[in-house]
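give me a 3D structure for the following:
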Amino acid sequence: MSRIDPAIDGLQAYVVGGAVRDALLQQPAGDRDWVVVGATPAEMEARGFIPVGGDFPVFLHPRTKEEFALARTERKSGRGYKGFTFYTGTDVTLEDDLQRRDLTINAIARHADGTLVDPCGGLADLQAGVLRHVGAAFSEDPVRLLRLARFAARFPTFTVAPETMEQAALLVESGEVDALVPERVWQEVAKGLMTERPGRMFEVLSQSGALARVMPELVYGDEIGIELAKAHRQGLSLASRYAILCRLTPESDALSRRVRAPSECASHAVLLREMLAGLDAQDADTALSLMERCDVLRKPQRFKELLQACACVREVDQSAWHARLQAVCSVDAGAIARTCEDRSNIPAAVRGARLQALQALFS
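I've put the predicted structure just below:
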């Protein structure tokens, strides 16, 4: 977007946050977020911006649909991440807005002409590889603890400043972390699971004392972190990574309900434990029973994905299981049904044919 864009021509508009950080790290940038200083909602609408904000004025660019928020300050007024009162007057400066952000590396702004504004020392922390909170307000918003943990997973070579871990612990001690809503917890956990070193997210949450409060059912160990890193290298799906995260957690269903995990993720978590327990099947009947429990005929691709997840945990002969899957799926249930005079015999006849197809592989 250039300075001659009529929608922003004359506005004090700055790209902020992740897009600036990732560009400085020479990493692919996602969506750009903008902050506008010295403007009113009426002025933004007059320029064609579309208002979409709830708690504070946010607008969509009329052409690019990028988000433009008016510069704001915030004051703690209640529990949780929604317990804030916002002020967006024209006297709020860019520096005021940046001072309310979570981490210094996310508090760098870039003007449309390329000029950087860095009042919180984010550039120095980027160069030093440090995750550091901007100010004392960090301990007022529990979402910032989740984001700290997620960024620790995304940037595994970065250290967490000791004073920032102290602030994270304050969020737990004060009870603020208990005000987190399930949807926001899942949103951050899902993002963290898709990073380079997902396990580090849960390590930071554990170190701060938050993991036992946010995900009390989760049984986490160092081996899970190693397996999740392997899952990232293998490019596994979110559902498969969540299943690995939960593989030591007998109450994964309760955890999934707590964080409102999607049903696909919840079912993967249960089935992965089933498969890990049944992969050493020594006979056709045991193998078929496992595949039946995994509903392979309706969801063969899910079975293959779960085999990949199993391979991140232990050695798996995936080719042998693929052959068994193909043998089971190759049985023509319709043809068998047409030969059965008594329809009540169809299920047993079909299963017998599948068992026979598997026995050929085991023999």
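
show me where pLDDT drops low in the stretch 51-200 of the chain?
Applying pLDDT under 70 to the stretch 51-200 of the chain flags residues 54-55, 75-84.

the closest residue to residue 49 other than its chain neighbours: how many residues sit nearby?
Closest residue in space to residue 49, ignoring its immediate chain neighbours: residue 59 at 3.7 Å, by C-beta to C-beta, 6 or more residues apart in numbering. Bear in mind the C-beta positions are built from the backbone N, C-alpha and C, glycine included. If you count neighbours by other C-beta atoms under 10 Å, residue 59 ends up with 24.

so how far is residue 7 from residue 59?
10 Å (C-beta to C-beta, to the nearest Å).

what do you get for residue 250?
Note on residue 250: its distance to residue 7, by C-beta to C-beta, is 55 Å.

between these two, who's got more neighbours?
More crowded of residue 250 and residue 7, by other C-beta under 10 Å: residue 7, with 18 against 11.

and the more buried one, what element?
Of the helices and strands defined by DSSP states H and E, none includes residue 7.

now it: closest residue in space, sequence neighbours ignored.
residue 47 (5.3 Å).

is it true that residue 284 touches residue 352?
No - contact between residue 284 and residue 352 fails when scored by C-beta atoms under 8 Å: they sit 10.8 Å apart.

compare the two (neighbour count), which wins?
Neighbour count, other C-beta under 10 Å: between residue 284 and residue 352, residue 284 has more, with 21 against 13.

what helix or strand is the residue lying closest to that one once chain neighbours are set aside on?
Sequence neighbours aside, residue 358 is the residue nearest to residue 284 in space, at 3.7 Å (criterion: C-beta to C-beta, 6+ apart). If you go by DSSP H and E, residue 358 is part of helix 346-362.

residue 31: what's it in contact with?
19, 66, 67 (C-beta atoms under 8 Å, 6 or more residues apart in numbering).

typed the wrong thing, it's residue 186
For residue 186, the contact set (C-beta under 8 Å, 6+ apart) comprises 259, 260, 261.

how far away is the first one from residue 242?
What that stands for is residue 259. Applying C-beta to C-beta to residue 259 and residue 242 gives a distance of 10 Å.

name the residue in those two with the higher neighbour count.
Using other C-beta under 10 Å as the criterion, residue 259 and residue 242 rank with residue 242 on top: 31 against 23.
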